[in-house]
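Visitor: The following block contains a protein sequence and its predicted model.
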Amino acid sequence: MEILFSVLLGTLLFVESAHCRQCYMCSRVNDLSLCKIKKCNDGENTCTKTMMTSDVGFKMKSYIMDCATSCEEYKKFLLKTISHGFKVDVSCCKTDLCNGVGGFKSNPWSLTGALLLSLGPALLWAGL
C-alpha cells in the first residue's frame, strides 16, 4: 500500500510540473461564453482578464482574456494598445482557468483527491 501511494504521489507531482497553464482566451467580446480554453505557451504562467468600459456615450463592456508571462508586463502592453475613452480593469491569477466566471479550479490537492476517490473501489476490490 505504501509503495502504491508513493507511485501515485510521484505521478501526480510529475503531471503537475509538466502541466502547461490553461486560461480562457477571447478578444473584445461582451459575452464571456464566447471565450475558449487555451493552452498557454512556455513561460506564460499567468491568466489575465480585462474588462473595458467605454467612458463616453453608450456604456458598453468588452472583455479580453488570455495568457501572459506576468501581470505587470501585460498591464504595460495593455496601456500601449488600448485607446483613450475606456476605463480598464485588469485582474490576474495563476491557476488553471482562474480567469473565468466560476467553475472548478484545478489544483494539486483536488487532483490528488479525485484520483484517490476514483481508485478507491479498485483498491478495495484488490484487497489493499
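Guide: On my side now, so go ahead. Residues are numbered from 1 along each chain as shown.

Visitor: Could you look up the SS state of Met52?
Guide: Met52 carries the three-state label strand when classified by DSSP: H, G, I helix; E, B strand; the rest coil.

Visitor: who's the nearest residue to Cys35 once chain neighbours are set aside bridged to?
Guide: Spatial nearest neighbour of Cys35, chain neighbours left out: Cys26 (3.7 Å); criterion: C-beta to C-beta, 6 or more residues apart in numbering. From N, CA and C alone the C-beta is placed, and that goes for glycine too. With DSSP bridges as the criterion, Cys26 is bridged to Met65.

Visitor: burial measure for Cys26, as a count.
Guide: Other residues lying near Cys26 total 18 when counted by other C-beta atoms under 10 Å.

Visitor: Please tell me I have it right and it contacts Met65.
Guide: Yes. Contact between Cys26 and Met65 holds when scored by C-beta atoms under 8 Å: they sit 5.3 Å apart.

Visitor: overlap in contacts of the two?
Guide: 32, 35 (C-beta atoms under 8 Å, 6 or more residues apart in numbering).

Visitor: With Asp66 as the reference, measure out to Arg55.
Guide: Not quite, residue 55 is Asp, not Arg. As judged by C-beta to C-beta, to the nearest Å, Asp55 and Asp66 stand 23 Å apart.

Visitor: So for the two, which sits in the more crowded spot?
Guide: Using other C-beta under 10 Å as the criterion, Asp55 and Asp66 rank with Asp66 on top: 20 against 10.

Visitor: Can you check the pLDDT for the residue lying closest to that one once chain neighbours are set aside?
Guide: Of all residues not flanking Asp66 in the chain, Met25 sits nearest, at 5.1 Å (C-beta to C-beta, 6+ apart). Looking at Met25, its pLDDT is 97.
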